[in-house]
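Asks: compute the structure for the input listed below.
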Amino acid sequence: MTWSKFLRWSLFSSVMTLAGFSPAEAAPSGLPAGFVYLSDIDPSIVQDMRYAGSHNFVGRPIAGYEAAECVLTEKAARALAKVQSQLAAKKLSLIVWDCYRPTRATPEFVQWTKDPHDTKMKAEFYPRIDKSRIFELGYLSSRSAHSRGSTVDLGIMPMGGKVPKFDPATRLASCIAGKVERFEDGALDFGTGYDCMDELSATTSPSVSAEARKNRLMLRDLMVAAGFKPYRREWWHFELIDEPEEVPDAEAPV
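Replies: Sure, this is the predicted structure:
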């Protein structure tokens, strides 16, 4: 194991132990059996792990996300690699924003919704709703499918494109604003930004542009063909239908 892999595993192992995995379940790679680093399966897939940093709806790194690294079940990762090969032919690439979610992240989300004074990221991520309704409206769940390791949040970007850096000092732009006005995330135009808690994020929303609708349907069709199930409220969210049985069911579906 290389030093960089050791550091990644050291961070991830503490999270997985809290999620209920034992060291005896570890595979030769160091990760628990059935899990892989997406970068080891397909390093060409771009990663922008939002919950490991401050550019998310809470505005700070989330509990359990010590490393900005996408971890998935091997089956899910290989399915994404197939999608990536299809996009490569079009000079496009996947960009992932969230993969395996540590179970201790969810209680932090719950506590955050109960603090009516913490709305520093509202202008970008939930401009038209009250944060107390985020669970009620289905944008978060107290039992997340992400914690089983086969659910992923992602989009599509031009091949060779860069992920712009988020500057916390910059004024926030609404996720429902036009492509040139909202935060430039490097992705194609999907009608909203990632993690936009708004009715416009529904995959088949009639209120987005024809270009955004085309991109959403392209992503949905590719992911469905690869064995994933879409989530109607969020164009970016997909869950592998035939999850590996050997991976413990840490959480229920979203």
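
Asks: quick one: the strands in the stretch 1-150 of the chain, in order.
Replies: Ranges of strands within the stretch 1-150 of the chain are 35-37, 46-47, 71-73, 92-98, based on DSSP state E, counting those that start in this stretch.

Asks: nearest to residue 166, of those?
Replies: Across the strands of the stretch 1-150 of the chain, residue 166 has its closest neighbour in strand 92-98 (12.2 Å, CB to CB). For glycine as for every other residue, the C-beta is placed from the backbone atoms N, C-alpha and C.

Asks: and the closest one, how far out from the chain's middle?
Replies: In terms of CA atoms, centre = their mean, to the nearest Å, the centre of strand 92-98 is set 9 Å apart from its chain centre.

Asks: that strand pairs with which strands?
Replies: strand 46-47 (parallel), strand 151-158 (antiparallel) (DSSP bridges).

Asks: for the shortest one, give the mean pLDDT please.
Replies: Strand 46-47 shows a mean pLDDT of 98.

Asks: again with stretch 116-129
Replies: 97.

Asks: list the buried residues for that stretch?
Replies: 121, 122, 124, 125, 126, 127, 129 (16 or more other CB atoms under 10 Å).

Asks: do the same with stretch 125-144
Replies: 125, 126, 127, 129, 131, 134, 139, 140, 144.

Asks: out of these, the closest to residue 101 would be?
Replies: residue 144 (5.5 Å).

Asks: model confidence score at the closest one, please.
Replies: 89.

Asks: kindly report the same for residue 163.
Replies: Per the predicted model, pLDDT is 94 at residue 163.

Asks: quick one: residue 64 and residue 102 touch, right?
Replies: Yes. In this structure, residue 64 is within contact of residue 102 by CB atoms under 8 Å, at 2.6 Å.

Asks: same list (the buried residues of stretch 116-129) but as JSON lines, adding distance to residue 39.
Replies: Formatted as JSON lines, those follow (distance: CB to CB, whole Å):
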{"residue": "121", "distance to residue 39": "28"}
{"residue": "122", "distance to residue 39": "33"}
{"residue": "124", "distance to residue 39": "28"}
{"residue": "125", "distance to residue 39": "27"}
{"residue": "126", "distance to residue 39": "31"}
{"residue": "127", "distance to residue 39": "33"}
{"residue": "129", "distance to residue 39": "35"}
